[in-house]
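**Q** model this:
(chains A and B)
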Amino acid sequence: KAGVTQTPRYLIKTRGQQVTLSCSPISGHRSVSWYQQTPGQGLQFLFEYFSETQRNKGNFPGRFSGRQFSNSRSEMNVSTLELGDSALYLCASSGTGGGNTEAFFGQGTRLTVV
Amino acid sequence: GENVEQHPSTLSVQEGDSAVIKCTYSDSASNYFPWYKQELGKGPQLIIDIRSNVGEKKDQRIAVTLNKTAKHFSLHITETQPEDSAVYFCAENGAGGTSYGKLTFGQGTILTVHP
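**A** Residues are numbered from 1 along each chain as shown, chains lettered A, B, ... in the order given. Down below sits the predicted model:
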């Protein structure tokens, strides 16, 4: 069974640009969550999507947005990039059927803003 | 709001010794407490979890204990091996128990096992 797949693995962007990251969850999982990991702030929750609807949202500015498609694949977008957005962005998938299950993480996308 | 305190931030042990990492949380509605191991260049890997209706869970050399009254839970690794060296994170689902997809993480513990 394939795990959570994130693309691309690495990205370098210029301040002011926007970026889109992609996440394919484990087959059958309907929940996709996004996290930002930095040395200073640790792992911080961005948002969670379930059945194409945002179910939970963390404390990040509106420049951070996401969506989920009917096949459960998810994308997150960051607009007007700032240097402080440089981080490892992690996606996790969970939830089969109607219940809650463990969250499994992908390898992450390393975003560097210059 | 949700908050998870994790201690210690670094832990160094000799191969074969035990390692204990402790976390405290603030949201009394939390009912799910996973532990993740993260190796360099990889995403976090779930190693064990516990739900609030259980006080202890064991999987080979790894065990987790939960004290809901005191709002703390701990990870115990026995007979440590060099390959256990990694960063360990505790987490809880302080979304009122409605989702396992919104996790609040501790700051992490860098575990080093010396051969």
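
**Q** alpha carbons only for contacts and neighbour counts from here, please
**A** Fine.

**Q** show me where pLDDT drops low in chain A?
**A** A:1, A:96-100 (pLDDT under 70).

**Q** go with 80
**A** A:1-2, A:95-101 (pLDDT under 80).

**Q** residues contacting the residue of chain B found nearest chain A?
**A** Closest residue of chain B to chain A, C-alpha to the nearest C-alpha: B:G43 (4.3 Å). By C-alpha atoms under 8 Å, 6 or more residues apart in numbering or on different chains, B:G43 lies in contact with A:L90, A:F105, A:G106, A:Q107, A:G108.

**Q** What are the buried residues along stretch B:56-74?
**A** Across stretch B:56-74, burial judged by 16 or more other C-alpha atoms under 10 Å in any protein chain shown covers B:E56, B:I62, B:A63, B:V64, B:T65, B:L66, B:K68, B:H72, B:F73, B:S74.

**Q** Adding distance to chain A, write those out as a markdown table.
**A** Converted to a markdown table, the buried residues of stretch B:56-74 look like this (distance: C-alpha to the nearest C-alpha, whole Å):
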| residue | distance to chain A |
| --- | --- |
| B:E56 | 17 |
| B:I62 | 17 |
| B:A63 | 17 |
| B:V64 | 16 |
| B:T65 | 18 |
| B:L66 | 17 |
| B:K68 | 20 |
| B:H72 | 19 |
| B:F73 | 18 |
| B:S74 | 18 |
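
**Q** Quick one, grab the pLDDT at B:F33.
**A** At B:F33, the model reports a pLDDT of 93.

**Q** Could you find the closest non-adjacent residue to it?
**A** Among residues not flanking B:F33 along the chain, B:E92 sits closest, at 4.6 Å (C-alpha to C-alpha, 6 or more residues apart in numbering or on different chains).

**Q** Over to the residue of chain B closest to chain A: give its phi and psi.
**A** phi -80, psi 160 (degrees, to the nearest 10).

**Q** can you tell me which residues contact the residue nearest to A:S94 when sequence neighbours are not counted?
**A** Spatial nearest neighbour of A:S94, excluding adjacent residues (C-alpha to C-alpha, 6+ apart): A:A103 at 4.6 Å. Residues in contact with A:A103 (C-alpha under 8 Å, 6+ apart) are A:A92, A:S93, A:S94, A:G95, B:L46, B:Y100, B:G101.

**Q** So what touches stretch A:11-28?
**A** A:1-8, A:32, A:72-83, A:91-97, A:109-114.

**Q** swap that for stretch A:83-101, please
**A** So stretch A:83-101 is contacted by A:4, A:6, A:15, A:23, A:25-26, A:28-38, A:102-114, B:43, B:99-101 (C-alpha under 8 Å, 6+ apart).

**Q** So which of those residues sit within strands?
**A** A:6, A:23, A:31-38, A:104-105, A:109-113 (DSSP state E).

**Q** With that, I have no additional questions.
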